Structures are given as C-alpha cells and as structure tokens.
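[1] The following block contains a protein sequence and its predicted model.
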Amino acid sequence: MATATTAPAQTGLRLHLGCGTVFAPGWENIDKSPNVYLSRTPRLRRALARVGILSEAHTAANFAPGTIRVDLSRGLPYAGRSTAYVYHSHLIEHMARWQGLALMRECLRVLEPGGTMRAATPNLRTIVDWYLRDDFPFGEGPAPADRFMDVLGTYRDVPGSTAQRLVRKLVSGVPHQWLYDRESLSVLLEEAGFVDPVERGYREGSVPDLDALEHRPESLFIEARRP
C-alpha cells in the first residue's frame, strides 16, 4: 500500500479508522465516506433525498465536525511509530483480503513499539451458526438463506433510475467483501507483522475509551500489538 503524505511525528496518537458517525473525543476520527461532505452540506443532501437518490438512512447519517476524510486505500497520513492505539470497527470486511492485509501493515507502521490495534468485525462463524439454526437476531427475508444473505452484507442493487442506482452505490460505501472468524483474522494480523492476537469481549480489553468506540456487541473483537 502506498503511504499518503506523512504528517509530522506526534507521539501517543489514537486513530479511529472508518469511524462512521461514531465520534470518539481524544481520537483522530477518520472516514472516507462521501457522507462526511454531505453532512456539511445539508441543503444538497435534502435535495438528493427529495429526488430519491439518497435514502432515509443516508440523510440521517450525520458525521460530526472534525471527522477527517482519508482514503485508507492510499495509506495513513501519519508518521511511523507515532501512534499508541489504532481502533477500527466493521471496516476490514469491506475490503478484499489483500487490501485488508495492506491496511494492517499500515497500522503496524504507524504504531509505536508495543502499541495496540483492536479490530471489531462481523464474525463469520457466528453468522453461519445463525443460518444453521435459523436463529437470526436481525436480518430480513422469507427463508433462512435470504436472511443469511441479508446479514452477510454483500452488495444488493435496488430498483431505480440509472442515476439513483449509481449515487446510492457511491454513497453506500463498499459492501462486504471478505469476512473473518477468530482464526482467519489472527492469521491475517500475524502475516502483517502483529504479535499476540487475542480475542476480547465487547468493551473489554487494553484499548481505552471502548464505551465511546464500541456499539456492536455481536462482533468479533481481536487485539494485537506491534512487537
């Protein structure tokens, strides 16, 4: 992964990648969604909603002032060894595996020695178990396989004009591309250079401010550190 222009070294940073609408004080809250801009132009967003290009969910997604728009596929604009913690939730599954590996290597680069990264992501094993038992806590569809596909989160086209479908696709973000379980995510992190990957509980672990950062208890949580 090519590294973006590097900011001056700052010790002890806390990076919250793919923050969405969750803004954690004391963290660099980073997202690439066009909704970062649309939140700052409410008139444009309302106009797009009126013509049916934006959905109700998109118009309700408000990104806090101070959210930093960064395309993570181009690297992290921070100096090496400048960061104490990296946190991301429901981000890595939106990337192909090779892209996720490249991002994890960037996270390793910016972390201080001994620094910790925490990843929260859908647990593929849990979703498969829900399907086999037909016991979904959420998801819609007339049959278990339909509910499985809904929860899996792959891209679904929707009826509408060409313009509506295109803009919805752009502002919806990338659908799920590669899901993980505990073993496969641990392997990915070790391949990136992290050590001691360990599964954690919801809002439990060594990363600070989890009450502010974490809001999806059904997720898989893995922490690993830079040696």
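    The structure has been received and is ready for your questions.
[2] To which secondary structure element is residue 116 assigned?
    Applying DSSP states H and E as the criterion places residue 116 in strand 111-121.
[3] tell me the strands in this structure, going along the chain?
    For the chain, applying DSSP state E gives strands covering 13-17, 28-31, 68-69, 83-89, 111-121, 195-200, 220-225.
[4] which neighbours does the third one have in its sheet, and in what orientation?
    Next to strand 68-69 in the sheet, as set by DSSP bridges, lie strand 28-31 (parallel).
[5] do the fourth one as well
    When sheet partners are counted by DSSP bridges, strand 83-89 sits next to strand 13-17 (parallel), strand 111-121 (parallel).
[6] mind listing what's buried in the last one?
    If you call a residue buried by 16 or more other CB atoms under 10 Å, then strand 111-121 has these buried ones: 111, 112, 115, 116, 117, 118, 119, 120, 121. (Glycine included, C-beta is placed from N, CA and C.)
[7] Now the two most distant members of these.
    Pairwise distances across the buried residues of strand 111-121 peak at 23.6 Å for 112 and 121 (criterion: CB to CB).
[8] What is the burial count for residue 79?
    Taking other CB atoms under 10 Å as the criterion, the count of residues near residue 79 is 17.
[9] Distance of the residue most central in space within the chain relative to residue 72?
    For the chain, the residue nearest the mean C-alpha position is residue 91 (2.0 Å; CA atoms, centre = their mean). Plainly put, residue 91 is 8 Å away from residue 72 if you go by CB to CB, to the nearest Å.
[10] If we go by neighbour counts, what in stretch 187-198 is buried?
    Within stretch 187-198, the residues that count as buried by 16+ other CB under 10 Å are 188, 189, 192, 194, 197.
[11] List of residues touching it?
    Residues outside stretch 187-198 that contact it (CB atoms under 8 Å, 6 or more residues apart in numbering): 97, 100-101, 104-105, 107-108, 117, 119, 180, 185-186, 222-227.
[12] and stretch 115-123, average pLDDT?
    Here stretch 115-123 scores 98 as its mean pLDDT.
[13] Residues in contact with that stretch: which ones?
    By CB under 8 Å, 6+ apart, stretch 115-123 touches 83-93, 104, 107-108, 111, 153, 176, 179-182, 185, 189, 194, 200, 205-207, 214, 216, 218-226.
[14] Buried only: go through these for me.
    Buried residues within these, counting neighbours by 16+ other CB under 10 Å: 83-93, 104, 107-108, 111, 153, 176, 179-182, 185, 189, 194, 200, 205, 207, 214, 219-226.
[15] Could you find the closest non-adjacent residue to residue 202?
    Among residues not flanking residue 202 along the chain, residue 217 sits closest, at 4.1 Å (CB to CB, 6 or more residues apart in numbering).
[16] Could you report the separation of that neighbour from residue 21?
    Using CB to CB, residue 217 is found at 18 Å from residue 21.
[17] Residue 221 now?
    Distance, residue 221 to residue 21, by CB to CB: 20 Å.
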